[in-house]
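*Asks:* sequence-free structure coming up:
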């Protein structure tokens, strides 16, 4: 892989979302994968025997007339992948340690970039946002209008309210009926058991799940001797803590949280990615695309 | 109840350092940052408790550091228990004056070292215990000044009397910024007590006097005193041997003349008893002077020798006051009596007598005193000023009332003159008394007494044939014995004494007697004591040699007093006069094993400490509960600080 020529996330912060996505995606190699799914399209692929229970309309009656065999025609599918991108827009995503892009900005830039790169590959991309509940949902399509809609939706998003990550994923899982890929971009600051339960649901719905856990570098390396008056961005709760106590408890809590979710993801063959907001998007996208390549 | 004081309270200014610690603590305290954080879900109640605990720990840490600083400052300030006065010895500015008794009794050695040397070892120990040596002074007995003690000192005893008065006087005349200590190391023989108490009563009450008795536990001593030599057919040397505290079971007494041993005798004395011992020898030598030595192992050896001189006569200066012409026979009589015994004999008129004459006289003979000089009047009105033996020969003029005699003797009787138509002669009242033993005649018919003075009270030593007194012994206001002759001496129409053979021996006898009863016979000189220069005012310098003819010193004629530094036999050579030998004895009062400590109830600034308790009290300062407590507190605080220390 070539060294990145993309600007750093914080350098992109000043640009609007669509421009950010274009800049990111233009540098990427489109179509690193070939779709394994088959569907109805103009290009014939092969015949296969009709299976009991299938819809009768799938039978190639012309072939039946000639050969008296019930077969089904297979075509190479153009809309290869149905991907749903789930973006966390809870208030906690607003957190930034200052010099880096906020988690929310990073998440929606990543979501826009992923949408752009997938639609460019003629994959169908849907978008869902959540905070306490599942918010706006754009079902997957592979058109350019869909991409515009996604950009527009993401641009209008504002981070607010508490996270109910598990509940939102559950809601999305109930809506998805087609096999595909589900990309979750969140800080996952919710009850890990709820999150795990919802992820299981997604897997049950035959979704290949990619989980992006977005964290600020400050959170990953929280060590300070200062004293803090902390305000919870979601609940507004306040807490007075000294730096050592805060860093100790946060580090331990985060580690346990990560461990719980990561283990569950490993068990469910979910691609778990910890992304720091100071990492370049290219790096994050390549990680996804590389993993996708392995899967298909 | 104990109370705490500090040697260096100025160190408490450093307590301001605590303010600095507090300031640093608050300046280094982490600033509170307001932070909008993503989630507080990981901060459980424990975190809040831990924060509070951490804050409490920091507060405790601050208090601990302040306490450590305070305790360290307190250690530098050097606390001490002020209820123990000896602790003040460690105060850096406290002057400490040391006086070690230099007298012979401090040579008492009943162990590895003498009590004098023990005193110096105590001082050396004190020197090590007291850190600031620049304030430790010891009394130098030679220069009679306090000098800075710089190094280890040795005890050197002196035959001189105690110079404690000088030491106390010097301290009294010194101005002190800090209350000083006077430490007295002595065996506290009885005479020292009164000298000390008298001196201390005149001292500033802020001066603490610490008495450290180095008195032996069970004192014992053998001693000699009063050696005499008599020569008749044989030489007999006698002395008085005394055993104190322990019986003398097998002592050997040796008599020597010159360097020749003339005899020896075994002596046994019971405990706390004494007896005269004589050694008789047929040996005849020209030098009838020498010493007696007691060979025995006893703690005090200076008194194991006593010196004797057969003619132990220094010159006895007689001042005859009266009409020069009429008194000449007295002068002649004294010069004609025992060869060179009396002398010089000064004859002066009553108006010519000076204080020097009175002061230098061994014996004053007042004969028919009529118009005394100012000095003589002063002496007679208060004889205690110059305590001298006096022979008073009354005037018997009809109008003379002997008023001076009345004034001096404080007698209320009227003195009247008694005249005899038939003269009377003197009769000895006895022949066995010290005065009249071996006197040539019991009665002298040649002597004719025509007039005498009557009405004088006292012990009659010589009577007339009618029983009336001729010589009376009485006392003056100061308690000194006077001999009163009721008739004049010399050329007089009241008697013919000076024309008879009775006169010379009588004058010699009564002069010797008055000297002896006033204990100024001059038979015994004591080393170290001041003596009047017998040739003071006579125009003669006195050269003193030892028995080996080594020059000891020259006493100038204008030097009123002198002393013999050591006991021994000395040859006295007055300029232009015949030389003579005399024996100087060691001070027998130093042999007396009687000790008495000062009265601490009466003199509260006197502290009496045994040598063990003294050094323990001084050295235990660092080991006191107070200091231990502070070190324990400091150690505890440091431990607490270590426990409270937050590792990064």
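*Replies:* Received the coordinates, thanks. Everything numeric here is computed off the predicted structure, so don't read it as measured data.
*Asks:* correct me, but residue B:12 touches residue B:70?
*Replies:* No - in this structure, residue B:12 is not within contact of residue B:70 by C-beta atoms under 8 Å, at 9.2 Å. In short, each C-beta sits where N, CA and C put it, glycine included.
*Asks:* neighbour count winner among these two?
*Replies:* Counted by other C-beta atoms under 10 Å in any protein chain shown, residue B:12 and residue B:70 do not tie: residue B:70 has more neighbours, with 19 against 14.
*Asks:* The more buried one: what secondary structure?
*Replies:* Under the three-state scheme (DSSP: H, G, I helix; E, B strand; the rest coil), residue B:70 adopts helix.
*Asks:* Show the contacting residues for it.
*Replies:* Residues near residue B:70 by C-beta atoms under 8 Å, 6 or more residues apart in numbering or on different chains: B:15, B:18.
*Asks:* Now residue 9: closest residue in space that isn't a chain neighbour?
*Replies:* Here I'm looking at chain A. residue A:101 (4.6 Å; C-beta to C-beta, 6 or more residues apart in numbering or on different chains).
*Asks:* could you do chain B instead?
*Replies:* Residue B:9 sits nearest to residue B:77 (C-beta to C-beta, 6+ apart), 5.8 Å away.
*Asks:* Just give me the neighbour total for the one you found.
*Replies:* The burial count for residue B:77: 19, using other C-beta under 10 Å.
*Asks:* So which bits of the helix or strand where residue B:228 lies are buried?
*Replies:* Using DSSP states H and E, residue B:228 sits within strand B:221-231. Residues of strand B:221-231 classed as buried: B:221, B:222, B:223, B:224, B:225, B:227, B:228, B:229 (neighbour count, 16 or more other C-beta atoms under 10 Å in any protein chain shown).
*Asks:* shouldn't the first one be in contact with residue B:300?
*Replies:* Translated: residue B:221. Yes - judged on C-beta under 8 Å, residue B:221 makes contact with residue B:300 at a distance of 4.7 Å.
*Asks:* re earlier: the residue nearest to residue B:9 and residue B:70: what is the separation?
*Replies:* 10 Å (C-beta to C-beta, to the nearest Å).
*Asks:* in which helix or strand would I find residue 74?
*Replies:* Chain wasn't specified; assuming chain A. Residue A:74 belongs to strand A:71-76, assigned by DSSP H and E.
*Asks:* not what I meant, chain B
*Replies:* Per DSSP H and E, residue B:74 falls inside helix B:45-76.
*Asks:* What residues does the stretch 101-250 of chain A have near chain B?
*Replies:* Counting by C-beta under 8 Å from any C-beta of the partner chain, the stretch 101-250 of chain A comes close to chain B at A:103, A:187, A:189, A:216, A:219, A:225-235, A:237, A:239-246, A:248-250.
*Asks:* Show me how to select, in ChimeraX, the buried members of the residues you listed.
*Replies:* Only the buried members of those end up in this ChimeraX selection, burial being decided by 16+ other C-beta under 10 Å:
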select /A:103,187,189,216,219,227,228,230,231,232,233,234,239,241,242,243,244,245,246,248,249,250
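*Asks:* Give me the subset of the residues of the stretch 101-250 of chain A next to chain B lying in strands.
*Replies:* A:227, A:228, A:229, A:230, A:231, A:232, A:239, A:240, A:241, A:242 (DSSP state E).
*Asks:* ok, the last one touching residue B:57?
*Replies:* No - Residue A:242 lies out of contact with residue B:57 (C-beta under 8 Å); the separation is 10.6 Å.
*Asks:* give me the residue from the stretch 51-200 of chain A nearest chain B.
*Replies:* In the stretch 51-200 of chain A, the residue found nearest to chain B is residue A:95; the distance is 3.8 Å by C-beta to the nearest C-beta.
*Asks:* residues touching the residue in the stretch 451-600 of chain B positioned nearest to chain A, list them.
*Replies:* Closest contact between the stretch 451-600 of chain B and chain A, by C-beta to the nearest C-beta, is at residue B:600 (64.7 Å). By C-beta under 8 Å, 6+ apart, residue B:600 lies in contact with B:606, B:607, B:608.
*Asks:* what pairs with the last one across the strands?
*Replies:* Applying DSSP bridges to residue B:608 gives these bridge partners: residue B:211.
*Asks:* can you list the residues of chain B near chain A?
*Replies:* Residues of chain B lying near chain A (C-beta under 8 Å from any C-beta): B:29-44, B:46-48, B:50-51, B:54-55, B:646.
*Asks:* go with 10 Å
*Replies:* B:28-44, B:46-55, B:58, B:646, B:648 (C-beta under 10 Å from any C-beta of the partner chain).
*Asks:* Looking at residue 156 now. What's its pLDDT?
*Replies:* You didn't pick a chain, so chain A it is. Residue A:156 carries a pLDDT value of 86.
*Asks:* actually chain B
*Replies:* Confidence score, pLDDT, at residue B:156: 83.
*Asks:* any idea which helix or strand carries the residue in chain B that chain A sits nearest to?
*Replies:* Relative to chain A, the nearest point of chain B is residue B:42 (2.6 Å; C-beta to the nearest C-beta). Using DSSP H and E, residue B:42 falls within no helix or strand.
*Asks:* ok, and the closest non-adjacent residue to it?
*Replies:* residue A:253 (2.6 Å).
*Asks:* Equivalent analysis for residue B:202, please.
*Replies:* Using C-beta to C-beta, 6+ apart, the nearest residue to residue B:202 is residue B:172, at 6.0 Å.
*Asks:* Could you pull out the helices in chain A for me?
*Replies:* For chain A, the helices defined by DSSP state H occupy A:9-12, A:17-26, A:61-67, A:103-120, A:144-156, A:165-175, A:192-204, A:217-220, A:243-267, A:281-295.
*Asks:* hey, which of these is tucked in deepest?
*Replies:* Across the helices of chain A, the average number of neighbours (mean count of other C-beta atoms under 10 Å in any protein chain shown) peaks for helix A:103-120, which reaches a mean of 26.
*Asks:* residues touching the residue nearest to residue B:9, list them.
*Replies:* Listed by C-beta atoms under 10 Å, 6 or more residues apart in numbering or on different chains, the contact set of residue B:77 reads B:5, B:6, B:7, B:8, B:9, B:10, B:11, B:12, B:13, B:14, B:15.
*Asks:* give me that answer again for 6 Å
*Replies:* For residue B:77, the contacting residues are B:6, B:8, B:9, B:11, B:12, by C-beta atoms under 6 Å, 6 or more residues apart in numbering or on different chains.
*Asks:* do residue B:52 as well
*Replies:* With C-beta under 6 Å, 6+ apart, residue B:52 has no contacts at all.
*Asks:* could you pull out the helices for the stretch 51-200 of chain B?
*Replies:* Here the stretch 51-200 of chain B has its helices, by DSSP state H, counting those that start in this stretch, at B:115-129, B:164-172, B:190-201.
*Asks:* now the stretch 351-500 of chain B
*Replies:* Using DSSP H, counting those that start in this stretch, the helices of the stretch 351-500 of chain B run over residues B:355-360, B:374-381, B:403-409.
*Asks:* Going by mean pLDDT, which of these comes out lowest?
*Replies:* helix B:403-409 (a mean of 62).
*Asks:* mind listing what the residue of the stretch 51-200 of chain A closest to chain B touches?
*Replies:* A:103, A:216, A:233, B:38.
*Asks:* Who's the closest spatial neighbour of residue 207, skipping the chain neighbours?
*Replies:* Answering for chain A, as no chain was given. Per C-beta to C-beta, 6+ apart, closest to residue A:207 is residue A:182, 4.2 Å.
*Asks:* try chain B instead
*Replies:* Spatial nearest neighbour of residue B:207, chain neighbours left out: residue B:180 (5.6 Å); criterion: C-beta to C-beta, 6+ apart.
*Asks:* I figured the one you found hits residue B:93, correct?
*Replies:* No - checked against C-beta atoms under 6 Å, the pair residue B:180 and residue B:93 is beyond contact range at 9.8 Å.
*Asks:* higher neighbour count, these two?
*Replies:* residue B:180 (22 against 14).
*Asks:* Most neighbours among the contacts of residue B:600, which one?
*Replies:* Going by other C-beta under 10 Å, residue B:606 tops these with 22 neighbours.
*Asks:* Quick check, it in contact with residue B:208.
*Replies:* No - using C-beta under 6 Å, residue B:606 and residue B:208 do not qualify as a contacting pair, with a distance of 8.2 Å.
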